[in-house]
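Asks: Sequence and computational prediction follow.
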Amino acid sequence: KKEYDYLIVGSGLFGCVFAHEAMKLGKKCLIIDKRNHVGGNVYCEKTEDINVHKYGAHIFHTNDKVIWDYVNSFVEFNRYTNSPMANYKGQLFNLPFNMNTFYQLWGVKTPQEAKNKIKSQIDQALITTPANLQEQAISLVGSDIYEKLIKGYTEKQWGRSAIDLPAFIIKRLPVRFTYDNNYFNDKYQGIPIGGYNKLIDGLLGNCEVRLETDYFNNRQQWNDRAEHTVFTGNIDQFYDYKFGKLEYRSLRFEHEIIDEENHQGNAVINYTERDIPYTRIIEHKHFEFGTQPKTIITKEFPEDWTPDKEAYYPINDKNNSEIFEKYKTLSKSEQHVIFGGRLANYQYYDMHQVIGAALKTVSTHFASLNAIPNPIS
Ligand code: FAD
């Protein structure tokens, strides 16, 4: 019998949920991570007594009571409600698009006035079959909302002009005819009190962890030490890029400590004009209603991805999807490797989704291990 039942490559939410559940079943796990901390992209770094979301702002939200109860069993969540603002050329607008936004745009006060305004702009555009993202957005919400709140932001995110982006990127643009600034429609949302590291620490318990340890530096040695491997790294790297490299969009974060208690009055302010190179400014203390004497802000700059940068958002276009399908087919034939998480599945997951996926993987995997063939049949 090998030293460990499970070697888990990656200490993000997928790896930590898998480890937690496997340990509950009495399995011996080892987690390795190439970074110098656990938690993957939900990791928070404490500076000036403020939890800084090191890999981008993370707001937990879900409609699934099972997942909500699961995370709350490790750490209590606060009542933070995401209500981002948009700054377009110095003017402020509420998001998501709702009656407050429509009042700020046009001075309209009733839902019917707002609906009429949007409909007249959609009709004026005369778009029957949208040929690109710009036409798609205008045909859904009209030109004012598009020009002021969507165009520049989306162009910065993708690093391309909206007329060069495919229409399918935007399927729906939710508009709300109530004065409700809550960004998410989900039943449950919040931030762990004390930060995401508490959630990760709760999941890990006393699991053995090795940091600054890249699986690929000594792959054979790790495989020899464990019965199974749970792999949450990049699937193309797992197969030595034999079908090609999968592409991503990346982000660059500029953090700044400011000697003032409250800098922007909100956790998230989007900058929706193209000429400002960042897409948003995060003021971290507001996620936890902080009253520390100083504050920390982070500007988020979208970037092209190169292998030396963090791979944040998969580009699920035709070419990448075809490459991924080939890796996926190969991965299905592995007897002792379980693939999971955003990098191995080449998919954007919210936190509640990756936790759900990990719990599902756990239940199918352990059910298959316990499936003893019926000797009679
Ligand atoms: P990760 O957290 O990426 O963990 C993978 C781990 O594997 C990493 O620690 C990595 O170092 C390690 N690893 C990789 N390769 C190797 C190797 N070869 N050897 C050893 N270790 C390796 N979700 C929400 O619900 N709400 C939000 O508001 C939200 N905001 C987000 C903002 C941004 C900018 C981004 C990028 C994501 C956001 N998410 C949000 C999504 C959330 O980050 C993911 O759902 C979650 O982090 C995925 O967990 P994971 O375990 O799949 O991957």
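Replies: Thanks, I have it. Worth saying up front: this structure is predicted, and the values here are computed from it rather than measured.

Asks: Could you give the bridge partners of the residue nearest to residue 331 when sequence neighbours are not counted?
Replies: Spatial nearest neighbour of residue 331, chain neighbours left out: residue 339 (5.0 Å); criterion: Cβ to Cβ, 6 or more residues apart in numbering. Every C-beta, even on glycine, is put in place using the N, C-alpha and C of the backbone. For residue 339, the beta-bridge partners are residue 231 (DSSP bridges).

Asks: What's the mean pLDDT across stretch 289-301?
Replies: For stretch 289-301, the per-residue pLDDT values average out at 98.

Asks: What's the end-to-end length of that stretch?
Replies: 25 Å (Cα to Cα, to the nearest Å).

Asks: Does it reach the ligand?
Replies: No. Applying Cβ under 6 Å from any ligand atom, one finds stretch 289-301 separated from the ligand by no less than 7.3 Å.

Asks: any residues touching that stretch, and which ones?
Replies: By Cβ atoms under 8 Å, 6 or more residues apart in numbering, the surrounding residues in contact with stretch 289-301 are 47-50, 52-53, 56-57, 78, 80, 251-264, 277-285.

Asks: Point out the residues in the stretch 201-350 of the chain that sit beside the ligand.
Replies: For the stretch 201-350 of the chain, the residues found near the ligand under the criterion Cβ under 6 Å from any ligand atom are 214, 215, 216, 232, 233, 251, 312, 341, 342, 343, 349, 350.

Asks: could you list every residue that touches the first one?
Replies: Spelled out, that is residue 214. Contact partners of residue 214, counting by Cβ under 8 Å, 6+ apart, are 32, 34.

Asks: same check, this time on the fifth one
Replies: With contacts taken as Cβ under 8 Å, 6+ apart, residue 233 has the following neighbours: 9, 10, 215, 343, 344.

Asks: what does residue 182 give?
Replies: 81, 82, 83 are the contacts of residue 182 under Cβ under 8 Å, 6+ apart.

Asks: Kindly recompute the last result at 10 Å.
Replies: 61, 81, 82, 83, 96, 98, 176, 189 (Cβ atoms under 10 Å, 6 or more residues apart in numbering).

Asks: circling back: now a PyMOL select for only the buried ones of the contacts of stretch 289-301.
Replies: Those of these that count as buried under 16 or more other Cβ atoms under 10 Å are selected in PyMOL with:
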select buried, resi 48+50+52+53+57+80+251+253+263+264+278+279+280+281+282+283+284+285
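
Asks: now residue 266: how far from residue 95?
Replies: 10 Å (Cβ to Cβ, to the nearest Å).

Asks: Now for those two: what residues contact both?
Replies: Shared contacts of residue 266 and residue 95, counting by Cβ under 10 Å, 6+ apart, come down to 82, 83, 84, 85.

Asks: Now for those residues: which two are most distant?
Replies: Farthest-apart pair in the shared contacts of residue 266 and residue 95 is 82 and 85; separation 11.0 Å (Cβ to Cβ).

Asks: intersection of neighbour lists for these two?
Replies: 95, 181, 266, 267, 268.

Asks: how far away is the fourth one from the ligand?
Replies: Which is residue 267. 11 Å (Cβ to the nearest ligand atom, to the nearest Å).

Asks: which residue sits closest to that residue in space, ignoring its chain neighbours?
Replies: Residue 267 sits nearest to residue 286 (Cβ to Cβ, 6+ apart), 3.8 Å away.

Asks: show me the contacts for that neighbour.
Replies: 50, 80, 191, 262, 263, 264, 265, 266, 267, 268, 295.

Asks: Quick check: the farthest pair among those residues?
Replies: 191 and 263 (18.5 Å).

Asks: Can you name the residues that contact the closest residue to residue 238 other than its chain neighbours?
Replies: Of all residues beyond its chain neighbours, the one nearest residue 238 is residue 231 (6.1 Å), with distances taken as Cβ to Cβ, 6+ apart. Taking Cβ under 10 Å, 6+ apart as the criterion, residue 231 is in contact with 7-10, 14-15, 215, 237-238, 331, 334, 337-341, 343-344.

Asks: Any of those buried? List them.
Replies: Buried subset of these (neighbour count, 16+ other Cβ under 10 Å): 7-10, 14-15, 215, 237-238, 331, 337-341, 343-344.
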